[in-house]
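1. predicted coordinates and the sequence they were generated for:
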Amino acid sequence: MFNKLRIGKKGENIIFGTFVLLYIGWCVNSPDMNIESLKSVLTIGLSVGIIYGLVALGISLIYTGLDVVNFSHGEFFMIGAFAGLTMFNLLGNQDWIFNIFPDAYGWIIYVVCLFTAFVSMGLFGVFIERVFLRPLTKKGGGYTVAGMGIIICGFGLSVVLINVAYLIWNPVAKPFPAELGLPMEIGGLFLPITYIWMIVVGLSVAAGLWFFLNKTKMGLGIRAVAYSKDVSNLVGINVPLYISIIFGIACAIAGIGGTLVGPTYQVVVFMGYIILMKAFAAAVVGGFGNLPGAIVGGFTVGIFETASSFYISGSHKDLYAFLLMIVVLMIKPTGFFGVQVKMKA
Amino acid sequence: MLKIDQLISGYGSVQILNGANMKVEKQSIVALLGGNGTGKSTILRAASGLIRSWKGTIEFNGEQIQNLPAHEIVGRGLVQVTQGKDVFPAMSVTENLKLGGFILKSKQQLSDNLEKVYNYFPRLNERKDQLAATLSGGELQMLCIGRGLMSNPKMIMLDEPSAALAPQIVLDIFKNINRIRQDGLTVLVVEQNVRMALLLADYGYVIKDGVINVEGDSKKLMYDESVKESYLGGTKANV
């Protein structure tokens, strides 16, 4: 509706800023507002936000590489959590690890779990792409837009993966009792150490991805494939291979996200669906297809959601992410960053 | 060097090429001419593996290359330079050129080739840290050709290098194409600018409705009545 008014970029920013100010005013007026609650809102918001951000990163990566939204990405997140948990259960009763590292044994096992989730989900993603999506992308002519088919395939894949996971791990929520140490005190606030892990590992994964994309040769190739398949072909890039790599990396990152969430919440078969929706909101808020935007969008959605459930009403927690998405789509349809491809005519 | 025999191809179920034959000798410049929608670009896309060849053969250096994956064809030394503005706009000029040398293994060779391209097109050296999106049309075309030269090709195929450029710049680019040939490469130029292309080329093919209609020495073609009528500004339109 704002498009018709031709308010321009500046107008967009002003209207959006007004919304933000109104929202902050609302929160400040809340009776629960004090410095303690603000601290917990920020830490919980950031730690949840980075998880949304990681999944959104994968969605954006696949969107740039394959030109489709992968609606089964939440399931890779869920299976990643189970992969990490399985590794944890395997290692949990191995005494020799405890004997070698009596002090650090909890987090060494956890790092191994994260690594397992990363590698196994990467390979699983490549497998899924090769077996299920490749025939569709080929049908669609080359490796670009296959349109509706691949999106429906994503939904179907999601249902199938949930049910396979249901068969293997049954629907009972499983604890992930990683022993990472006592809660940490930051500024008078006792935080479960898992929150710190989420933020630190999440940000390092994002930074690692940035480094990989911008400083390595393979990253250069991935960026080229994301921009144009034809031109990438003509400079000698093996485009089908690179599309598999893109899909694999996106799934591997989702897998890490799942294992990060595990110890704080629980691992359950149905955890992927809501994460996918929130991550989708995060990607839209940050600007669809923009990778730093995905992380920023994740943080925004996480903080907005947590703050709203603290200060406005806690009973509709899942509503806020989508409210934010709708407001952003109305006022700034390109998201915070958008995808900037400027081209002189 | 490149030999196309009875090539049939097209997009989806639409057949564009109806059995085209052509031959490009080593170290020559060959012009492939024709109006809109006659299949000029389709021949190039089939030769560089972007679309499948339905029938017929494409031979490069004595080996059949039809329906190989595109990146393997680049590895064999046959590179297509896309039309005009197909660069990566969000990357710098140097990054664009480095992408052209993606198949090179050694860093030394990459920087040597970069030097070579800057030698052909000093303009690109002046702009090497700018984003490709900020270049002018002529510079973009130079960048495309330079990117094609980065992988040490044996032959390059240019798709309308003169499209939408000022005559002075076209002349400049064509001089550089000639220089590239003198340095030992084989060049196939697809053009709509027939007069300029025939001035540059040794041999010419005129394509019409997916088959080669006329062929011959470029000097001869320039005075050929049917070519003159259809493409060189004759008053009669060829329907």
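-> Received the coordinates, thanks.

2. all contacts plus neighbour counts: C-alpha atoms, from now on.
-> Fine.

3. B:T82: what's it in contact with?
-> Neighbouring residues of B:T82 by CA atoms under 8 Å, 6 or more residues apart in numbering or on different chains: A:V231, B:C144, B:L158, B:D159.

4. pick the one among these closest to B:S28.
-> B:L158 (13.5 Å; CA to CA).

5. sheet-wise, list the partners of the helix or strand hosting the closest one with their directions.
-> In the assignment (DSSP states H and E), B:L158 maps to strand B:155-159. Neighbouring strands of strand B:155-159 in its sheet, by DSSP bridges, are strand B:78-81 (parallel), strand B:186-191 (parallel).

6. what does it contact?
-> B:41, B:44, B:77-84, B:145, B:148-149, B:185-191.

7. chain center to that strand: distance?
-> Mean C-alpha position of strand B:155-159 versus that of the full chain (CA atoms, centre = their mean, to the nearest Å) differs by 3 Å.

8. okay, buried residues for the host helix or strand of B:E115 please.
-> Assigned by DSSP H and E, B:E115 belongs to helix B:107-120. Of all the residues in helix B:107-120, those buried under the rule 16 or more other CA atoms under 10 Å in any protein chain shown are B:L110, B:N113, B:L114, B:V117, B:Y118, B:Y120.

9. of those residues, closest to chain A?
-> Distance to chain A, by CA to the nearest CA, is smallest for B:L110 among those, at 12.3 Å.

10. please identify the most buried of the strands paired with strand B:155-159.
-> Sort the strands paired with strand B:155-159 by mean neighbour count, taking mean count of other CA atoms under 10 Å in any protein chain shown, and strand B:78-81 sits at the top with a mean of 28.

11. now check the following helix or strand past that strand, is it near chain A?
-> Next helix or strand after strand B:78-81 toward the C-terminus (DSSP H and E): helix B:93-100. Yes. On the criterion CA under 8 Å from any CA of the partner chain, helix B:93-100 is in touch with chain A at B:L99, B:G100.

12. put the alpha carbons of helix B:93-100 into PDB.
-> Taking Å, rounded to 0.1, in the frame of the first residue of the first chain, the C-alpha atoms of helix B:93-100 are listed here in PDB:
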ATOM      1  CA  VAL B  93      37.300  -5.700 -12.200                       C
ATOM      2  CA  THR B  94      40.200  -7.800 -10.900                       C
ATOM      3  CA  GLU B  95      37.900 -10.300  -9.300                       C
ATOM      4  CA  ASN B  96      35.900 -10.600 -12.500                       C
ATOM      5  CA  LEU B  97      39.200 -11.300 -14.400                       C
ATOM      6  CA  LYS B  98      40.300 -13.800 -11.800                       C
ATOM      7  CA  LEU B  99      37.100 -15.600 -12.300                       C
ATOM      8  CA  GLY B 100      37.900 -15.900 -15.900                       C
END
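
13. on that earlier part again, now the helix holding B:E115 against helix B:93-100, angle please.
-> If you take axes from the mean of the first three to the mean of the last three CA atoms, to 10 degrees, helix B:107-120 sits at 120 degrees to helix B:93-100.

14. what's the helix or strand hosting A:G257 packed up against?
-> Here A:G257, judged by DSSP H and E, is contained in helix A:239-261. On a contact count with 3 or more CA pairs under 8 Å, 6 or more residues apart in numbering or on different chains; DSSP states H and E, helix A:239-261 meets helix A:35-66, helix A:73-92, helix A:105-128, helix A:193-215, helix A:217-227, helix A:229-234.

15. now do that helix against helix A:73-92, angle only.
-> Going by the same axes, to 10 degrees, helix A:239-261 makes 60 degrees with helix A:73-92.

16. for the record, mean pLDDT for helix A:239-261?
-> The pLDDT scores in helix A:239-261 average 91.

17. likewise stretch A:329-339?
-> 76.

18. which residues are contacting it?
-> A:1-2, A:12-13, A:15-16, A:284-290, A:293, A:297, A:328.

19. ok, now with 10 Å
-> Outside stretch A:329-339, the residues that touch it by CA atoms under 10 Å, 6 or more residues apart in numbering or on different chains are A:1-3, A:7-9, A:11-16, A:19, A:281-294, A:296-297, A:323-328, A:340.

20. ranges for the helices of chain B?
-> B:40-47, B:70-75, B:93-100, B:107-120, B:122-126, B:137-149, B:167-182, B:194-200, B:218-222, B:225-231 (DSSP state H).
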